[in-house]
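Trainee: got a predicted model here, sequence first, then my questions.
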Amino acid sequence: MNNSVESSTGGNCNLEADFQYYLFPVVYSIVFILGLTGNVLALCLLTKKMKKASPSYVYITNLAVVDIVYCCTLPFRIYYHIKKNDWPFGDIMCRITGTLYFASIYLSVAFHSFICLDRYIAVVHPRRYIRMRNTHFSKLGTVLVWAFSLIIMLSLVFSGSLSSTFKNNTIACFENFDPETLSKRIAVYNIVALLFGFIIPFTIIIVFYPLAAKKIAQLNRSAFTEKALTMIRAILVISILCFVPYHVTYFFHFLSRLQLIENCAFSSFLYKFRRVTMALASLNSCLDPLIYYFATTHFKLRYSRKRSIQQVINLRRRTKSVQQKSEP
């Protein structure tokens, strides 16, 4: 069986996606050039402003680091797909690059949710946000995310081979696992990644975006509130475009591989569409610099920002005072 063909649950359905040999090299090459350039430049700019950084600066800087790590894994994936999914770099490199490739996707979603939550607090609870700026809450949250991710990544890397050798001596890396390996070993990591790497962070994004938008609609619009809302909106668009199709498709593909879905036509569609969504997910590294742009423009106006926060506080005080006077 060639590694471009994945056996279905019953072995009677072959899943093929030959277009991936052209799609991935083209898309990944574009993402590697634009994503690496944009994120390295953004990281250089951001680190110059880290002395008295706000929580969002901490999250955005870490997001840039994640994107750079992701882009550095792409040359291996490009060559792998050019060789028609035949991995030539050995099992150890497959474990390292494959784990970093997929872990970076989930870390991106996590830091997107942190930035969204940070902007929500800045707009809706400005006094609390000012107090939080003087704490190490953001750094602690970042360390916990990295520590949790590192534990998962190391356990996956050291748990055994992540490559599969086929009868024609081609080697698949981090895909096309046999049913036993998938169900007894990989399934646990997939469930953890789906829950903590997508469902919880994305729920935060879709919950706090409308709450922030509603609060801004009740206040006098300012440069601060507008930029905060724009940043959250950009995160929401990136998440819906890059991450939602990928995770929804992979969820059903995963069920199919576990033999919980036994429909050849549907499995074939999922296998092909998953390749498309993987390419879409990679575009995240090119789009994240938009968030950095809003952030750097935002922080160039630091004085205006602090004044805007104080304006929000004063407005809320005046509103509360008027409400108290109007009460009988």
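Mentor: Alright, I've got the coordinates.

Trainee: could you pull out the strands in the stretch 101-250 of the chain for me?
Mentor: 163-165, 171-173 (DSSP state E, counting those that start in this stretch).

Trainee: can you tell me what sits against the first one?
Mentor: Meaning strand 163-165. Applying Cβ atoms under 8 Å, 6 or more residues apart in numbering, the external contacts of strand 163-165 come out as 3, 87, 91, 94, 171-178. C-betas here are computed from N, CA, C, even on glycine.

Trainee: residue 149 and residue 54: what is the separation?
Mentor: 23 Å (Cβ to Cβ, to the nearest Å).

Trainee: also residue 160?
Mentor: In terms of Cβ to Cβ, residue 160 sits 42 Å off from residue 54.

Trainee: just residue 71 next, same as before
Mentor: 26 Å.

Trainee: compare these two (neighbour count), which wins?
Mentor: Between residue 71 and residue 54, residue 71 has the larger neighbour count (other Cβ atoms under 10 Å), namely 24 against 20.

Trainee: phi, psi of that one?
Mentor: phi -60, psi -30 (degrees, to the nearest 10).

Trainee: contact partners for it?
Mentor: Here residue 71 is in contact with 31-32, 35-36, 39, 285 (Cβ under 8 Å, 6+ apart).

Trainee: looking at those residues, which are in helices?
Mentor: Assigned to helices by DSSP state H, the following of these qualify: 31-32, 35-36, 39, 285.

Trainee: quick one: those residues as JSON lines, columns for neighbour count and distance to residue 132 too.
Mentor: Output for these, formatted as JSON lines (neighbours: other Cβ atoms under 10 Å; distance: Cβ to Cβ, whole Å):
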{"residue": "31", "neighbour count": "23", "distance to residue 132": "34"}
{"residue": "32", "neighbour count": "21", "distance to residue 132": "36"}
{"residue": "35", "neighbour count": "24", "distance to residue 132": "31"}
{"residue": "36", "neighbour count": "18", "distance to residue 132": "32"}
{"residue": "39", "neighbour count": "25", "distance to residue 132": "26"}
{"residue": "285", "neighbour count": "28", "distance to residue 132": "29"}
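
Trainee: which of those residues sits closest to residue 141?
Mentor: Distance to residue 141, by Cβ to Cβ, is smallest for residue 39 among these, at 21.0 Å.

Trainee: ok, that closest one - contacts?
Mentor: Residue 39 neighbours (Cβ under 8 Å, 6+ apart): 64, 67-68, 71, 285, 288-289.

Trainee: leaving out chain neighbours, which residue sits closest to it?
Mentor: residue 67 (4.4 Å; Cβ to Cβ, 6 or more residues apart in numbering).

Trainee: got it, and residue 111?
Mentor: According to Cβ to Cβ, 6+ apart, the nearest residue to residue 111 is residue 63 (4.2 Å).

Trainee: what about the helix or strand the one you found falls within, distance to the chain center?
Mentor: Residue 63 is part of helix 55-82, with elements assigned from DSSP states H and E. Centroid separation between helix 55-82 and its chain, computed with Cα atoms, centre = their mean, to the nearest Å, is 10 Å.

Trainee: for the stretch 51-200 of the chain, give me the ranges with low pLDDT.
Mentor: 51-53, 133-135, 167 (pLDDT under 70).
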